[in-house]
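**Q** Sequence and predicted structure, then a few things I'm wondering about:
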Amino acid sequence: MIMSLPVIAEIVAGSPGELAGLLIGDEIVAIDGEVPNDVIRWQMLIDEEDPVLSIQRGGLEFEIEIAKSAGQSLGVQVDAAIFDRVRTCDNHCEFCFIYQLPKGMRRSLYLKDDDYRLSFLYGNFTTLTRFTEADLERVISENLSPLYVSIHATDPEVRSRMLRNQRGGYSLRWLRALLDFNIEVHGQIVVCPGVNDGNVLDDTLLGVLDQFPELSSLAVVPLGVSSYNTEASMRPHTQEEAKKVIEVVHDWQQRFVESLGYRLVYAADEYYLLAGEPFPEAATYGDFAMHEDGIGMARSFEKEFSDPSSSIVGIRSGFFQSVDGAPPEGYRAVRVGGSNRGGQMQTGIECQSDISPALVIRPRRNAPIGILTGDYGAEVLRPLIESLQRDDIRILKVANHFFGGNIKVSGLMVGEDVQRVLQSEPDGHRYLLPDVCLNNGRFLDGLRPEDLSKYVEVVATDGIALRAALELQESSKQFSAEIF
């Protein structure tokens, strides 16, 4: 097993770690004699009273004893989540979006992981095809819950064929084992038209009721197809197919309620947009457990926008709510709030664009507002903005030319497409950008907000934050009226 030593990246002033003499750049060799292989084990070890850290600094190795009570924060962040090698995916799913990415993006975006630790840390989905007895023992003993599992189909032959992996046919036995030990598990079904929809989807939901009724929730999401897709059998849903999926999900929600007492399965918001049907009421989504996977996002956004006092999705799921370790990576990475002249930006990532940053002037607070969003985001926002009855706010729909295909979600907007829209917009206006399209301060194409030709304000992707940004402009108008 290849191991890399975790390196201290941040130290909180006045923390036990700083007081003991730890420095940024120190490499952690061991904690109380144990070599942690990931940030999960790191957290558990440093939670102990007075841990002894073996440090490597400037070619020398020595020990530092930390004076702290059990459970007290060490005040130290390390530079990675996994210290040994990330367990990569050995499936070859024809619907995998990684295979549909354009060339020239940063290397980390092409990594296919199937690591249960990243499922626990960030909510990444695992197929369990590389899961082992040792993994099960660790999950149970350390209570690594919740986990997120890709199901796709419960029929062994169909699942094996979809994953293009013989182990896919029987790896769901690990899901049964996890549930037997009361591990909280959220499932996902990516529906591919003509493959696992229709009767197969119906059979899969029957299989879930029969084999995995203890699942906490199950998300049914549509296949994403970019312009770089090379699988002829993979295509977007038609409107009628989207309606059929919704019908199947609604039928099974009723059956689950009758059998289990709760709905269990939910269709992604994208299905309702594709089908041209209204979203279910907010109350039907329970606690919005699958919010980050596009389940109930529209209703939660609407509720927060209309009533800013009712925050629905305040804390992201995953272990990094409280861990003293590396910030999240990948899809659930830390976003950047504020504006494009602030925030911490990750360096060393190539920018595949010829956009030249221009000298921009920060607009007045009471300037007209343009909200940048994807095609689907525009449909959700339109009735909310219209309800304000303000003529100074407009929605700027950003078509996704970078990925193409049926990619219309705001989370996959890239700087190149945003720049194309901004070029035809007037100077001096306020432009609001949802943070969901940023990963550590960068778009997926490597550009940063400050690379754009116009000043943009990065706003958290929730109804409360957007409403606050819009009301900032209103309060500025009122202030100006009182002065003049």
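**A** Perfect, thanks for sending it.
**Q** hey, where'd the helices end up in the stretch 201-350 of the chain?
**A** Using DSSP state H, counting those that start in this stretch, the helices of the stretch 201-350 of the chain run over 239-260, 269-275, 297-306.
**Q** how about the helices in the stretch 1-150 of the chain?
**A** Under DSSP H, counting those that start in this stretch, the stretch 1-150 of the chain gives helices at 16-20, 39-46, 116-122, 133-142.
**Q** Comparing those, which comes out most buried?
**A** helix 116-122 (a mean of 24; mean count of other Cβ atoms under 10 Å). For the C-beta atoms, the positions are set from N, CA and C on the backbone; glycine is no exception.
**Q** Packing partners of that one?
**A** Helices and strands touching helix 116-122, by 3 or more Cβ pairs under 8 Å, 6 or more residues apart in numbering; DSSP states H and E, are helix 39-46, helix 133-142, strand 147-150.
**Q** please redo it, this time with the cut-off set to 6 Å
**A** strand 147-150 (3 or more Cβ pairs under 6 Å, 6 or more residues apart in numbering; DSSP states H and E).
**Q** tell me what the strand it packs on is packed against?
**A** Using 3+ Cβ pairs under 6 Å, 6+ apart, strand 147-150 sits against helix 116-122, strand 185-191.
**Q** What lies in contact with it?
**A** Identification of contacts with strand 147-150 by Cβ atoms under 6 Å, 6 or more residues apart in numbering yields 119-120, 123, 125, 127, 175, 185-188.
**Q** Work out the gap between that strand and the centre of the chain.
**A** A distance of 14 Å separates the C-alpha centroid of strand 147-150 from that of its chain, computed with Cα atoms, centre = their mean, to the nearest Å.
**Q** CA atoms of that strand as CSV?
**A** C-alpha atoms of strand 147-150 as CSV (Å, rounded to 0.1, in the frame of the first residue of the first chain):
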residue,chain,number,x,y,z
LEU,A,147,-22.9,5.8,3.4
TYR,A,148,-24.1,6.4,-0.1
VAL,A,149,-24.6,3.4,-2.5
SER,A,150,-25.3,3.3,-6.2
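**Q** Give the rounded mean pLDDT of that strand.
**A** Throughout strand 147-150, pLDDT has a mean value of 95.
**Q** Export only the CA atoms of the next helix or strand after that strand, formatted as CSV.
**A** Sequence-wise, the next helix or strand downstream of strand 147-150 (DSSP states H and E) is helix 156-163. Provided in CSV are the C-alpha atoms of helix 156-163 (Å, rounded to 0.1, in the frame of the first residue of the first chain):
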residue,chain,number,x,y,z
PRO,A,156,-27.9,-9.2,-10.6
GLU,A,157,-27.7,-9.7,-14.4
VAL,A,158,-28.9,-6.2,-15.2
ARG,A,159,-26.7,-4.6,-12.6
SER,A,160,-23.6,-6.5,-13.7
ARG,A,161,-24.3,-5.6,-17.3
MET,A,162,-24.8,-1.9,-16.4
LEU,A,163,-21.5,-1.8,-14.4
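**Q** residues of whichever helix or strand comes after helix 156-163 that come out buried?
**A** Following helix 156-163 in sequence order, the next helix or strand is helix 173-180 (DSSP H and E). Across helix 173-180, burial judged by 16 or more other Cβ atoms under 10 Å covers 174-175, 177-179.
**Q** circling back: need the contacts of strand 147-150 in a markdown table (columns: pLDDT).
**A** Converted to a markdown table, the contacts of strand 147-150 look like this (pLDDT from 0 to 100):
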| residue | pLDDT |
| --- | --- |
| S119 | 91 |
| F120 | 92 |
| G123 | 86 |
| F125 | 92 |
| T127 | 96 |
| L175 | 98 |
| V185 | 97 |
| H186 | 95 |
| G187 | 96 |
| Q188 | 95 |
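**Q** could you flag which of those are buried?
**A** Counted by 16+ other Cβ under 10 Å, the contacts of strand 147-150 give 119-120, 123, 125, 127, 175, 185-188 as buried.
**Q** which stretches of the stretch 301-450 of the chain form strands?
**A** 338-339, 369-373, 393-397, 430-434 (DSSP state E, counting those that start in this stretch).
**Q** For the closest residue to A282 other than its chain neighbours, give its distance to L381.
**A** In space, and not counting its chain neighbours, A282 is closest to R299: 4.1 Å by Cβ to Cβ, 6 or more residues apart in numbering. Distance, R299 to L381, by Cβ to Cβ, to the nearest Å: 13 Å.
**Q** Which residue ranges make up the domains of the chain?
**A** In terms of domains, the chain is parsed into 8-78, 97-321, 334-483 (source: automatic domain parsing).
**Q** Can you get me a residue count around I98?
**A** Residues contacting I98 under the criterion other Cβ atoms under 10 Å number 12.
**Q** Next one: the nearest residue in space to D462 that is not next to it in sequence, what pLDDT does it get?
**A** Closest residue in space to D462, ignoring its immediate chain neighbours: E304 at 5.4 Å, by Cβ to Cβ, 6+ apart. Predicted confidence (pLDDT) for E304: 91.
**Q** didn't E304 look like it was pressed against L466?
**A** No: using Cβ atoms under 6 Å, E304 is not in contact with L466, being 8.5 Å away.
**Q** Can you name the two of the contacts of strand 147-150 that sit furthest apart?
**A** G123 and L175 (16.2 Å; Cβ to Cβ).
**Q** Buried residues, stretch 183-200. List them.
**A** 183-193, 195-197, 200.
**Q** Now tell me what touches that stretch from outside.
**A** Contacts for stretch 183-200 (Cβ under 6 Å, 6+ apart): 95, 125, 145-153, 158, 178, 215-223, 235, 237, 241, 245.
**Q** Neighbours of the closest residue in space to E425 that isn't next to it in sequence, how many?
**A** Closest residue to E425 apart from its sequence neighbours, by Cβ to Cβ, 6+ apart: G370 at 6.0 Å. G370: 21 surrounding residues under other Cβ under 10 Å.
**Q** Lowest mean pLDDT across the strands of the stretch 301-450 of the chain, which one is that?
**A** strand 338-339 (a mean of 38).
**Q** Mean pLDDT per helix and strand in this protein: which one sits at the bottom?
**A** Every helix and strand in the chain was compared by mean pLDDT, DSSP states H and E; the lowest is strand 338-339, with a mean of 38.
**Q** May I see the helices of the stretch 1-150 of the chain arranged in TSV, with distance to E61 as well?
**A** Below are these laid out as TSV (distance: least, Cβ to Cβ, whole Å):
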stretch	distance to E61
helix 16-20	16
helix 39-46	18
helix 116-122	27
helix 133-142	28
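**Q** can you tell which of the ones you listed is closest to R442?
**A** It is, among those and with distance given as Cβ to Cβ, helix 116-122, at 17.4 Å.
**Q** CA atoms of that closest one as CSV?
**A** Output of helix 116-122 as CSV, limited to C-alpha atoms (Å, rounded to 0.1, in the frame of the first residue of the first chain):
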residue,chain,number,x,y,z
TYR,A,116,-16.4,3.8,0.9
ARG,A,117,-14.3,6.4,2.9
LEU,A,118,-15.1,9.1,0.4
SER,A,119,-18.7,8.1,0.6
PHE,A,120,-18.6,8.7,4.3
LEU,A,121,-16.6,11.9,4.1
TYR,A,122,-18.3,13.6,1.2
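**Q** what's L201 in contact with, if anything?
**A** V248.
**Q** Just the local confidence number for it, please.
**A** pLDDT, L201: 98.
**Q** The one 10 residues further on now?
**A** In the prediction, the pLDDT value recorded for Q211 is 97.
**Q** which among the contacts of strand 147-150 gets closest to R394?
**A** Of the contacts of strand 147-150, the one sitting nearest to R394 (Cβ to Cβ) turns out to be G123, at 33.7 Å.
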